[in-house]
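In: got a sequence here, can you build the structure:
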Amino acid sequence: MAALLNNLFGGSKPAASPIPAGDSDFADFAEAPDPSPTPFSAIPSAASFGGLGAFPTGAAVPYTKWYNIHERYSLTDFKQEGVILGLIVIIVAIHLFGTSINRKKSKSWINAHASVLKKEFALVGFGGRGPSAEDVEGDGLAKSLANDKPEELLKEKSLQEYSTYATGRQNVAFVDVNLTLLKRYSPLSLVAEFALSLFFDSVSAPVERLEATLYPFDGREALTVPGQLPGAPELRKDKSGYDGFVWAVVNKETMKQLRDDRYDVSITSTKDHPKLPNWATIMTESAEITDFLLTPELIKAIEEAGELLEHLIITDQPIDQPQKLDDTIPKKRLHLSYRLPSSGDYSKLLPIFEYFLRVTDILVQGAHFRPEVLRKVKATREETVKKLQKADDDEKAEERQLEREKAKKLKRDLELKGLDAKAQKKYLEKEKEREMKKMQKKQTQRG
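Out: Numbering: from 1, shown residues only. A predicted model of the protein is given here:
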């Protein structure tokens, strides 16, 4: 052993060992080391050191599983990670699947209604001006629709909301169309909404619906049409104004909710009409208005739409209860709402949608009623205006009273400040006497 250490560390022959003779613990070091080299076969193997350390060239390396990952671990060691990855894959797949279904349904709607919109309006969607009137006839329309991109006709506001816009038509300033679809990309949210609708009447069950709002010109073309001046001959000849009123065809299932949510239809009276299906009713301010608007074309469109139709409203009043006098200024609009069919067949809903776009022409031509009818229509509005005027006057009177009291208190403080202590005490005593006399006088008047 001493020779091995000497060869490894290059030690030279030491002096005589001072180890005392006869000590068995240091017997190996009792003599001087041998300078001759030790044969290679005499070097101990790595196994003698527990398999650790560096191995000389040519030495046998013992086999161990730490060099093979597949032998160190098995699939059972990754159960938790596998469950997490599986859930992520399922969530992503459901999200992508639900989103793709919503996009297909929205494209199906715009493909069915694009032809109607293109015929009625010069600009549809968000891709700029469409083809001219001569190009939307026959093969020209099909060709123009084929060149349109879906993202230009219909805009994706969110994963469940889509919208389109159209303008450029006589008697119509513009129309906004919004599609609301189910949250197929989030089944948990969808189930929660359905569950809440079962327990709370104020929460309605989620449905897929179209909501369209049309804004007529109402004689204000000069404010929106560029290059036109107020009072121009062409504007007077094609004046688009009509009398204001509130009239609606409503599905009875949604009638109560509609009356609670909207101020404009809440001022109307509900009357069934023999020409309408049992599920529909009329909300109107005058029977003469109903006789004028309930045309055979509209009745046929309502029957074809069926119970998918929720409401068709013609109004000049705000949706929310007016809180100020400015809120009572008439703003004419038309609203259409219907549920989207699960089959994706819109052929029965196209007539009511087309009538909705064209009804402004009927209003401009004939919605000019007798003074007796208009007096009845204006009576409700005037009553609301009087209530708001009274509330406004009371508020102003209260403000004036507060200003007077503030000025009176300021004058009193200035008077007290200019007096000495004795005069201030006398002033306060007189003020207290006046207040007591006022209280006694009020009690006497009440008695």
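
In: ok, Asp218 to Val373 distance?
Out: 19 Å (Cβ to Cβ, to the nearest Å). Glycine gets a C-beta too; all of them are placed from N, C-alpha and C.

In: between these two, tell me which one has more neighbours.
Out: Asp218 (21 against 18; other Cβ atoms under 10 Å).

In: and the more buried one, what does it touch?
Out: Taking Cβ atoms under 8 Å, 6 or more residues apart in numbering, we find Asp218 in contact with Ser240, Gly241, Tyr242, Lys332.

In: cool, Ile282 as well?
Out: Contacts of Ile282 (Cβ under 8 Å, 6+ apart): Trp247, Ala248, Val249, Val250, Thr270, Lys271, Asp272, His273, Leu276, Thr290, Leu294.

In: pull the residues that contact stretch 98-113.
Out: For stretch 98-113, contacts defined as Cβ under 8 Å, 6+ apart pick out 150, 153-154, 156, 159-160, 162, 164, 179, 181-187, 208, 210, 340, 344, 346-347, 350, 353.

In: what do you get if the cut-off is 6 Å, keeping everything else the same?
Out: Outside stretch 98-113, the residues within contact range by Cβ atoms under 6 Å, 6 or more residues apart in numbering are Pro150, Leu153, Leu154, Leu159, Tyr162, Leu179, Leu181, Arg184, Tyr185, Gly344, Tyr346.

In: can you show me the strands along the stretch 301-447 of the chain?
Out: 309-315, 333-339 (DSSP state E, counting those that start in this stretch).

In: what is the burial count for Leu293?
Out: What Leu293 shows, counting by other Cβ under 10 Å, is a neighbour count of 21.

In: picking that back up, and the contacts of Ile282, which of them are in helices?
Out: Among the contacts of Ile282, the members falling in helices (DSSP state H) are Thr290.

In: which of the contacts of Ile282 ranks first by neighbour count?
Out: Busiest of the contacts of Ile282 [other Cβ under 10 Å] is Val249, holding 26 neighbours.

In: just to revisit the earlier point, rebuild the strands of the stretch 301-447 of the chain as CSV, extending it with mean pLDDT.
Out: Listed next are the strands of the stretch 301-447 of the chain as CSV, based on pLDDT from 0 to 100:
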stretch, mean pLDDT
strand 309-315, 95
strand 333-339, 95
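
In: out of those, flag the one nearest Glu81.
Out: Glu81 lies closest, by Cβ to Cβ, to one member of the strands of the stretch 301-447 of the chain: strand 333-339, at 44.4 Å.

In: same for that closest one, what does it pack against?
Out: strand 209-216, strand 309-315 (3 or more Cβ pairs under 6 Å, 6 or more residues apart in numbering; DSSP states H and E).

In: how about low-confidence regions in this protein?
Out: Low-confidence regions of the chain, defined by pLDDT under 70, span residues 1-67, 128-150, 224-238, 445-447.

In: longest helix of it?
Out: Under DSSP H, the chain gives helix 371-417 as its longest helix.

In: follow-up on the earlier one: winner for burial among the helices and strands packed on strand 333-339?
Out: strand 309-315 (a mean of 24; mean count of other Cβ atoms under 10 Å).

In: and Asp291, what does it touch?
Out: With Cβ under 6 Å, 6+ apart, Asp291 has no contacts at all.

In: again, but for Gln170
Out: Taking Cβ under 6 Å, 6+ apart as the definition, Gln170 has no contacts.

In: for it, what are phi and psi?
Out: phi -60, psi 140 (degrees, to the nearest 10).

In: now find how far off-centre stretch 110-128 is within its chain.
Out: 24 Å (Cα atoms, centre = their mean, to the nearest Å).

In: pull out the buried positions in that stretch.
Out: Neighbour counts over stretch 110-128 (16 or more other Cβ atoms under 10 Å) mark 110-118, 120-121, 123-125 as buried.

In: so Ile352 sits against Ala305, correct?
Out: Yes: here Ile352 reaches Ala305: they are 4.6 Å apart, a contact under Cβ atoms under 6 Å.

In: higher neighbour count, the two?
Out: Neighbour totals were compared for Ile352 and Ala305, and Ala305 leads with 25 against 22 (other Cβ under 10 Å).

In: which residues does the more buried one contact?
Out: With contact set as Cβ under 6 Å, 6+ apart, Ala305 has these partners: Leu349, Ile352.

In: roughly how far does it sit from Leu414?
Out: Counting by Cβ to Cβ, the gap from Ala305 to Leu414 is 75 Å.

In: show me the contact partners of stretch 344-357.
Out: With Cβ under 6 Å, 6+ apart, stretch 344-357 has contacts from Ser108, Ala112, Val116, Glu120, Leu298, Ala301, Glu304, Ala305, Leu336, Tyr338.

In: residues near the closest residue to Leu340 other than its chain neighbours, how many?
Out: Of all residues not flanking Leu340 in the chain, Glu208 sits nearest, at 4.2 Å (Cβ to Cβ, 6 or more residues apart in numbering). If you count neighbours by other Cβ under 10 Å, Glu208 ends up with 17.

In: same check on Lys104?
Out: The burial count for Lys104: 11, using other Cβ under 10 Å.

In: equivalent analysis for Ser197, please.
Out: Ser197, neighbours per other Cβ under 10 Å, totals 14.

In: list the contacts for the residue nearest to Leu340?
Out: Contacts of Glu208 by Cβ under 6 Å, 6+ apart are Leu181, Leu182, Leu340.

In: most surrounded residue in these?
Out: In terms of neighbour count, Leu181 stands highest of the contacts of Glu208 at 23 neighbours, by other Cβ under 10 Å.

In: can you map out the helices along the stretch 151-300 of the chain?
Out: Secondary structure of the stretch 151-300 of the chain, counting by DSSP state H, counting those that start in this stretch: helices at 187-199, 221-224, 233-237, 252-261, 263-266, 287-293, 296-305.

In: about what we covered before: show me the two of the contacts of stretch 344-357 that sit farthest apart.
Out: Ser108 and Leu298 (25.6 Å).

In: so if I had to pick from those two, which one is more boxed in?
Out: Per other Cβ under 10 Å, whichever of Ser108 and Leu298 has more neighbours is Leu298, with 20 against 14.

In: now that one: closest residue in space, sequence neighbours ignored.
Out: Closest to Leu298 by Cβ to Cβ, 6+ apart is Tyr355, at 5.9 Å.

In: got it, and Thr213?
Out: Asp176 is the one closest to Thr213 (Cβ to Cβ, 6+ apart), at 5.0 Å.

In: what are the bridge partners for that neighbour, then?
Out: Tyr165, Thr213 (DSSP bridges).

In: make sure it is actually in contact with Tyr215.
Out: No: in this structure, Asp176 is not within contact of Tyr215 by Cβ under 6 Å, at 8.0 Å.

In: what's the farthest-apart pair in the buried residues of stretch 110-128?
Out: Ala112 and Leu123 (19.4 Å).
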